[in-house]
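# Just to be clear, the model below is a prediction. Sequence and coordinates:
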Amino acid sequence: MTAGDQAFEQTLPVEVSGRIAPGWWGMVVLILTEAALFGTLLAGYFYLRASSATWPQGGIKPPDPILPTIMTGILLASSIPMIWADWSIRRGRQQPMKMGLAIAFVLGAIFLGLQIYELTHETFAPSVNAYSSSFFTITCLHGLHVIAGLLMIAFTLTRAFLGHFNEHRNLAVTNTGLYWHFVDGVWVFVFLSLYVSPHVL
């Protein structure tokens, strides 16, 4: 091995946790890509709204924000145990990490169940007009992201019970938390845009 090869190898990341890890940056890029997707869809929603004489179109009543408000509180609350799980495993605390992941999963599952209930009880269908199509596209896409997040949490929790993580090896817990916080954060914009703004603007 030449001196140049040795110098190149020394520049490669060897950490499995933290911001130096390639996997951490991969998750950040994924989140930025998904954020751009939601940003585009929400921009399209407001473009349709600005182009319409009435909103929602076709005499559709704005969605009732009461249940989505409760759902928002539940989803945002789920970030707290996720933060606790990440904080705990960075200090080698196994049981609090498992509890945090489990609580976050339960809260996320409750949110998903309420979201499915809310969407299946809307008074309009996705194919009615541009408003209804946009509404269901954005909310269902977010629901798919919640499902993906729940699968990630379940997989990470399974690995936690198998003893895969410690204070030095915990990137999967961190990345799961990053993705879940993104799912929570983007819902705030969806909630304000689709459920609140039609009543106040």
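Yes, it's here. Numbers count the residues shown, from 1 in each chain.

# okay, CA-based contacts and neighbour counts for the rest of this
Will do.

# What helix or strand is residue 108 located in?
helix 94-120 (DSSP states H and E).

# same for that helix, what does it pack against?
With contacts taken as 3 or more Cα pairs under 8 Å, 6 or more residues apart in numbering; DSSP states H and E, helix 94-120 sits against helix 66-89, helix 130-161.

# Please work out which of the ones you listed is packed deepest.
Most buried of the helices and strands packed on helix 94-120, by mean neighbour count (mean count of other Cα atoms under 10 Å): helix 66-89, with a mean of 20.

# So what's the gap between the helix holding residue 108 and the chain middle?
With Cα atoms, centre = their mean, to the nearest Å as the basis, helix 94-120 stands 12 Å off its chain's centre.

# can you check stretch 77-91 too?
With Cα atoms, centre = their mean, you get 15 Å for stretch 77-91.

# contacting residues around it?
94, 96-101, 103-105, 107-108, 165-168, 170, 173-174, 177, 180-181, 184 (Cα atoms under 8 Å, 6 or more residues apart in numbering).

# What of stretch 178-195?
27-28, 31, 35, 38, 42, 62-65, 68-69, 72, 75-76, 79, 82, 135, 138-139, 142, 145-146, 149.

# try stretch 114-131
The contact list for stretch 114-131 (Cα under 8 Å, 6+ apart) reads 45, 48-49, 55-58, 60, 63, 67-68, 71, 132-136, 143.

# again with stretch 157-174
Contacts with stretch 157-174, where a contact means Cα under 8 Å, 6+ apart, come from 16-18, 23-24, 85-86, 89-94, 98, 101-102, 156.
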